[in-house]
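# no sequence on this one, just coordinates:
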C-alpha cells in the first residue's frame, strides 16, 4: 500500500461516493475506481458495499480505514519533522479554536507569527469546545485553543494534556437599572458591582445550548447555588443572550473576556458573582498526550501564552523559544 492509495481510500470512505471523492482529489472517477478495485484485489476482500446512502465500509473496510488513518498520521508527523529540519522554512500547523476566541486571539498573534515564519502554512479549524475535544483526539488538529471547566484545569486526562492560560470570570448580565441592582455592592478597584446570585433565582434565564461550554459552566454555577432556573429561551449565541438580557427578556451569564468583541448600542448592567460558586472558565492550550508538537506549533503556542497567559511559566519547557533579536 502506498500513501497515495491510503489517501484515495480514506477520501472515498469519508465522502461515501466515488464521484465526490474524485472531485476532491482532482481525479477522474474511472481512475479512482480502478485504484479502489486494485486495493480490494490485492487484499482479496471487499472494502465497500453499495447502499442507498452511498458507499459504506465493510468490516474489513473499517479495519483498513483505521490503519490508513494511523499510517497517514505517521506520514503527516514525518512531514512536520522535515519542516523542523529545514528550520521552519516550510511546514504547516493546524490550529483548533473556538469562533469567539479566534476573533479575540488571532488578530493579535497571527500577524506576529506570520512575520516570524512567513513560509509556515496556518490552517484554522473553528469549532465549539466539545467538537475540538473530538478533533484533538482524532489527530485532526495539532493543538486547540479553547476553554475548559474549572475542575478540569489540572485534571490528568488519558488522551489530552491541558495547559491553563487565563482564568476568565463569568458575569451576570441584566437590563439596565434592574430593581435588584439596589442590593449589589461596590468592591474596591473592581469594574462591576458584586451581586448575590440567590437574589436572581426567580428571574427568567437566557441559556446557551447544552453542548456549549458556557452553558455547562452556567449549569455548574447555578447548581452550586441550588438554583433551578426558569429558562426563558435557549440560543447558540452568547451575544444574542447578552443583547436579549439587555432588553429585559431575562438574565444570563457571559464570560468577561467576550464583552468587548461585539460593540454596539447595547448597555446592560454587569455583576460579578461570589467566588464560592466558581463562576469562571479557563482559557487553555490542549494537546494530544504524547503527540509530536512541531517547532512551528510550539512557537505559536508560546506567542499565545506571552500575550494572554496570566502565568506563562505554567507551560512546559518544550514551548520555550528564544526571542527575536
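Received the coordinates, thanks. The structure displayed is predicted, hence computed values, not measured ones.

# From residue 122, how far out is residue 82?
Residue 82 sits 18 Å away from residue 122, going by Cβ to Cβ, to the nearest Å. Every C-beta, even on glycine, is put in place using the N, C-alpha and C of the backbone.

# Quick one: residues contacting residue 87.
Taking Cβ atoms under 8 Å, 6 or more residues apart in numbering, we find residue 87 in contact with no residue.

# can you tell me the helix or strand for it?
Take DSSP states H and E as the rule and residue 87 turns out to sit in neither a helix nor a strand.

# I'd guess residue 125 is in a strand, am I close?
Yes. Counting by DSSP: H, G, I helix; E, B strand; the rest coil, residue 125 falls inside a strand.

# That one against residue 140, yeah?
Yes. Under the criterion of Cβ atoms under 8 Å, residue 125 makes contact with residue 140 at 6.9 Å.

# Find residues that contact each of those two.
With Cβ under 8 Å, 6+ apart, residue 125 and residue 140 have common neighbours 94, 96.

# circling back: residue 82 and residue 122: who's more crowded?
residue 122 (16 against 11; other Cβ atoms under 10 Å).

# and the closest residue to that one other than its chain neighbours, backbone torsions?
Distances taken as Cβ to Cβ, 6 or more residues apart in numbering place residue 93 nearest to residue 122, at 5.8 Å, with adjacent residues excluded. Phi and psi for residue 93, reported as degrees, to the nearest 10, are phi -120, psi 140.

# Please parse the protein into its domains.
3-74, 87-166+283-319, 169-281 (the TED database).

# Which of those has the lowest mean pLDDT?
Sorting these by mean pLDDT places domain 87-166+283-319 lowest, at a mean of 85.

# so how far is that one from its chain's centroid?
Centroid displacement of domain 87-166+283-319 relative to its chain, using Cα atoms, centre = their mean, to the nearest Å, is 9 Å.

# And the strands in the protein?
48-51, 54-57, 91-97, 120-126, 143-148, 160-174, 193-195, 204-208, 230-235, 252-255, 269-273, 280-288 (DSSP state E).

# nearest to residue 63, of those strands?
strand 54-57 (8.9 Å; Cβ to Cβ).

# Does residue 207 touch residue 236 like I think?
No. Residue 207 is beyond contact range of residue 236, at 10.6 Å (criterion: Cβ under 8 Å).

# neighbour count winner among these two?
When residue 207 and residue 236 are compared on other Cβ under 10 Å, the one with more neighbours turns out to be residue 207, at 22 against 12.

# Show me what the longest helix seen in the chain is packed up against.
Longest helix in the chain by number of residues (criterion: DSSP state H): helix 59-85. With contacts taken as 3 or more Cβ pairs under 8 Å, 6 or more residues apart in numbering; DSSP states H and E, helix 59-85 sits against helix 3-15, strand 91-97, helix 295-308.

# Now with 6 Å, please.
On a contact count with 3 or more Cβ pairs under 6 Å, 6 or more residues apart in numbering; DSSP states H and E, helix 59-85 meets helix 3-15.

# Can you give the distance of the helix it packs on from its chain's centre?
Its chain's C-alpha centre and that of helix 3-15 lie 26 Å apart, by Cα atoms, centre = their mean.

# Residues contacting that helix, please?
21, 24, 25, 35, 39, 57, 65, 68, 71, 72, 75 (Cβ atoms under 6 Å, 6 or more residues apart in numbering).

# what angle separates that helix from helix 59-85?
120 degrees (axes from the mean of the first three to the mean of the last three Cα atoms, to 10 degrees).

# Pull out the buried residues from helix 3-15.
6, 8, 9, 10, 11, 12, 13, 15 (16 or more other Cβ atoms under 10 Å).

# How about stretch 13-31?
13, 15, 18, 20, 21, 22, 25, 27.

# same check, this time on stretch 276-293
By neighbour count on 16+ other Cβ under 10 Å, the buried set for stretch 276-293 is 277-288, 291-293.

# ok, which pair from the residues you listed is furthest apart?
Farthest pair in these, by Cβ to Cβ: 277 and 292, 39.8 Å.

# Excluding covalently adjacent residues, which one is nearest to residue 209?
Nearest to residue 209 is residue 236, by Cβ to Cβ, 6+ apart, at 5.3 Å.

# That neighbour against residue 210, yeah?
No. If you go by Cβ atoms under 6 Å, residue 236 and residue 210 don't touch, sitting 10.8 Å apart.
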